[in-house]
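[1] Model the following, please.
(one chain, ligands or ions: 1)
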Amino acid sequence: MKLKCPYCNSDLIEGYIDGGKYSLKWRDKDINFFQKHTTFGGEVLSEDPMAKCFRCKNCNKIIIDLNEL
Ligand SMILES: [Zn+2]
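    Okay, here's the model as predicted:
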């Protein structure tokens, strides 16, 4: 069964975000200037820069299931 976009109900396309050689990190919205402009800090979501995700090309959103990283 194809996954549907929770915003517009279009079919989602399975693919990957490719972060090149960098791990995928999460940073909270409220971070200071230093944290924002350096490679330090952040919560590593995936050591593998290829993050599996689902994309909606209709409304331009990407969904990542962190359990599948
Ligand atoms: Zn959508």
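
[2] Surely residue 34 is in a helix?
    Yes. Counting by DSSP: H, G, I helix; E, B strand; the rest coil, residue 34 is located in a helix.

[3] tell me the contacts of it?
    residue 40 (CB atoms under 8 Å, 6 or more residues apart in numbering). Quick note: C-beta positions are derived from backbone N, CA and C, even for glycine.

[4] What segments of this protein are strands?
    Applying DSSP state E to the chain gives strands spanning 13-18, 24-26, 43-46, 50-56, 61-63.

[5] Residue 61 reaches residue 7, doesn't it?
    Yes. With contact defined as CB atoms under 8 Å, residue 61 reaches residue 7; the gap is 6.0 Å.

[6] Neighbour count for the two, which is higher?
    residue 61 (15 against 12; other CB atoms under 10 Å).

[7] Next, the contact list for that one, please.
    5, 7, 55.

[8] Distance check, the first one against residue 56.
    Okay, so that is residue 5. Distance, residue 5 to residue 56, using CB to CB, to the nearest Å: 4 Å.

[9] Name all residues that make contact with the closest residue to residue 19 other than its chain neighbours.
    Using CB to CB, 6 or more residues apart in numbering and skipping the chain neighbours, the partner closest in space to residue 19 is residue 49 (3.6 Å). Residues in contact with residue 49 (CB under 8 Å, 6+ apart) are 18, 19, 20, 21, 22, 23, 24.

[10] Torsion angles phi and psi at the residue found closest to the third one once you drop the neighbours it is linked to in the chain?
    So that's residue 20. Spatial nearest neighbour of residue 20, chain neighbours left out: residue 49 (5.9 Å); criterion: CB to CB, 6+ apart. As for residue 49, its main-chain torsions (degrees, to the nearest 10) stand at phi -70, psi -10.
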